[in-house]
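Peer 1: return atomic coordinates for the entry below.
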Amino acid sequence: SSGITQSTGTVVFRHDDSTFYSVEELLAMQMENAVAMASAHGEAAVSKIILLVPPFFNQREREAMLNIAEIAGVQVMQLMTTNSAVALQYAVFRNPKLTEKPMIVLFANVGSQFTSATVVSYSLQKDKISGDKIPTVQVLGTGYDRSLGGFEMDLRLRDHLAQQFKAKYPKLSDITKNQRAMQKLLKEAKKVKTVLSANTETKAQVETLHEDTDFRVKVTRDDLIKLFADLYPRFAVPFETAITTAGISKVEIEQVVLFGAGTRVPKIQEEILKVTEQTVLHKYINTDEAAAMGAAFMAASTSSVFRTKEIKLKDANPFPFNVAFFKLVLNEEGKARNRRLNKTDKLTFVGMYNTSEITESKLIDKELYYRNNALPQKKAMTYTKFTDNFHFNVSYGDLSFLSEKQESEFGTRPLMMVHVKGVQDVFNAHHDKHSKGIKAHILVDESGLISVDSVEAIFETKVANKTESGLWDSVSNFFGGTTDGEGGEEKKEETKVEGEKKKEEEEEKKQEEKKPENVRLFSVGNLEAPHCFA
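Peer 2: Numbers count the residues shown, from 1 in each chain. Okay, here's the model as predicted:
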């Protein structure tokens, strides 16, 4: 049986009167067993893994997977989506001939629990460091339906068989109340569905199903089409979403590649052909091992022990991330303006009012990482008005592209509240220098997890010695140039032509130079904790 824990509000399963297991603990047991099997098969202990997750997993779900691995005693090198792993496996083993012109492939996944579609481009892209052209797999767009999968079909077919049994043996007790019998019917339903993928009719048969009664009934493919009639139109939505998000037209799709056991159903194949406007579907991906092989290649490519093909994977951020903070309202003297607290003021997740006066401020909510942002990536927010401790919030951004059902399944949007401390002390210690603001460096890593990498205060000092100009250039380029006002996202400076550089060098000889100095306020490691809230 299951229940809800009072301490965390999460689901737990009761083993006996004194033993309860959380979902994470149960999955950790499965993971531990899988690692043991892999270690035995490979005749070497497995301590590091790449963990596959569905493409729609949000921050909380991805963090839960890391917790599961920690309980199981294994180190996660990276979280990777199943669709990206299959796309990588396709590049490695199908070995498509790549050029600078992108080759567009749509991967269609109909699994047991969900349906997803991912548009991927394959091309040769120039590496910024080496200048070499490297085969690159880039995720362009993804669509999904969390509750549309083969298991829903199995349950419907099981219930259909139960009704057939009732009609055939009306004098027997209700079979639906016999859990053992219903489990037998579920197993038979899965078998029947598989057989009907290649045949138009078959027999469902179970010996001593209920009250020592054997059961045998004919099932046709038409029966399945009627049972699943309301499900088939839903298969089009993830594919339409993936194509729209990728910003391509259907005629640009060169191949549609199937994986997932549900894609074996003929009617589902018809729906995929219809929505993608293709004439043929490619079925050469091994459904049982494609994602695992892609993850294995990724693990090998990050190891110093193995030599692999050089293939770069650029995954995409499925949901946007926003950064919110209160911008101070300044008076004519350039100081923060206060006003008395009134009844119309509302408490927000940014803080709580505990005085009769509050500092006037304006809520700024900026999208830092947009939907489909390439991963991994680091960006910075610059705060120019703060000279004392402050805080900002990281949350999911505009999710209006989700359906009402998807929004209800998504969970909470706020992710963390980050307190920046020691600001006034740093400004006091550098009072003779010109402040260039406070920069918060926010990272979304290859696992799709967002975190605050560091926060630094930037100051300018005058330097009389010309030999230090090189340091100014390098640090200036590192911190990136212009900002878009308070809380602005850092933008790269454009490269200047040679003539302009010479003029600037002549002008620099006539005047003193300025050199930036960065002072680290904190790193994530020594934060008390990024405060999370539900």
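Peer 1: my guess is residue 313 meets residue 137, correct?
Peer 2: Yes. In this structure, residue 313 is within contact of residue 137 by Cβ atoms under 8 Å, at 4.9 Å. The C-beta positions use only the backbone N, C-alpha and C, and glycine is treated the same way.
Peer 1: mutual contacts of those two, please.
Peer 2: 84, 87, 88 (Cβ atoms under 8 Å, 6 or more residues apart in numbering).
Peer 1: where along the protein do the helices fall?
Peer 2: Taking DSSP state H, the helices of the chain run over residues 23-42, 59-72, 82-93, 150-168, 179-195, 221-227, 236-246, 266-276, 290-301, 404-410, 423-429, 469-479, 498-509.
Peer 1: which helices and strands does the second one pack with?
Peer 2: Using 3 or more Cβ pairs under 8 Å, 6 or more residues apart in numbering; DSSP states H and E as the contact definition, the elements that helix 59-72 packs against are helix 23-42, strand 48-53, strand 75-81.
Peer 1: need the residues that contact the longest one.
Peer 2: Which is helix 23-42. So helix 23-42 is in contact with 10-13, 45-46, 49, 64, 67-69, 71-74, going by Cβ under 8 Å, 6+ apart.
Peer 1: just the buried subset of the residues you listed, please.
Peer 2: 12, 46, 49, 64, 68, 69, 71, 72, 74 (16 or more other Cβ atoms under 10 Å).
Peer 1: max pairwise distance over those: which two?
Peer 2: Spanning the widest gap among these are 12 and 46, at 28.5 Å by Cβ to Cβ.
Peer 1: in a markdown table: the helices of the chain, plus distance to residue 120 and mean pLDDT.
Peer 2: Supplementary listing: the helices of the chain in a markdown table, determined by distance: least, Cβ to Cβ, whole Å; pLDDT from 0 to 100:
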| stretch | distance to residue 120 | mean pLDDT |
| --- | --- | --- |
| helix 23-42 | 27 | 94 |
| helix 59-72 | 21 | 95 |
| helix 82-93 | 4 | 94 |
| helix 150-168 | 23 | 96 |
| helix 179-195 | 28 | 96 |
| helix 221-227 | 31 | 94 |
| helix 236-246 | 9 | 96 |
| helix 266-276 | 14 | 94 |
| helix 290-301 | 12 | 94 |
| helix 404-410 | 22 | 92 |
| helix 423-429 | 44 | 89 |
| helix 469-479 | 33 | 34 |
| helix 498-509 | 40 | 52 |
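Peer 1: I'd like to know which of the ones you listed is closest to residue 124.
Peer 2: helix 82-93 (11.7 Å).
Peer 1: distance-wise, check residue 386 relative to residue 422.
Peer 2: Distance of residue 386 to residue 422, computed by Cβ to Cβ, to the nearest Å: 12 Å.
Peer 1: looking at those two, which is more packed in?
Peer 2: residue 386 (24 against 16; other Cβ atoms under 10 Å).
Peer 1: can you check the pLDDT for that one?
Peer 2: At residue 386, the model reports a pLDDT of 86.
Peer 1: go on, residue 306?
Peer 2: 86.
Peer 1: thinking it is in contact with residue 296, fair?
Peer 2: No. With contact defined as Cβ under 8 Å, residue 306 and residue 296 do not form a contacting pair (10.1 Å).
Peer 1: the more surrounded of these two?
Peer 2: residue 296 (16 against 10).
Peer 1: contacting residues for the residue lying closest to that one once chain neighbours are set aside?
Peer 2: In space, and not counting its chain neighbours, residue 296 is closest to residue 50: 7.8 Å by Cβ to Cβ, 6 or more residues apart in numbering. Residues counted as contacts of residue 50 (Cβ under 8 Å, 6+ apart) are 76, 77, 78, 79, 80, 295, 296, 298, 299.
Peer 1: please repeat the previous calculation with a cut-off of 7 Å.
Peer 2: By Cβ atoms under 7 Å, 6 or more residues apart in numbering, residue 50 lies in contact with 77, 78, 80, 295, 298, 299.
Peer 1: would you turn those residues into JSON lines with neighbour count and distance to residue 267?
Peer 2: Below are the contacts of residue 50 laid out as JSON lines (neighbours: other Cβ atoms under 10 Å; distance: Cβ to Cβ, whole Å):
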{"residue": "77", "neighbour count": "17", "distance to residue 267": "39"}
{"residue": "78", "neighbour count": "17", "distance to residue 267": "36"}
{"residue": "80", "neighbour count": "25", "distance to residue 267": "31"}
{"residue": "295", "neighbour count": "23", "distance to residue 267": "31"}
{"residue": "298", "neighbour count": "23", "distance to residue 267": "34"}
{"residue": "299", "neighbour count": "17", "distance to residue 267": "37"}
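Peer 1: list the residues that contact both of residue 306 and residue 296?
Peer 2: Between them, residue 306 and residue 296 share no contacting residue, judged by Cβ under 7 Å, 6+ apart.
Peer 1: thinking again about what came up before, quick one: closest of the helices of the chain to residue 444.
Peer 2: Nearest to residue 444, of the helices of the chain and by Cβ to Cβ, is helix 59-72 at 9.9 Å.
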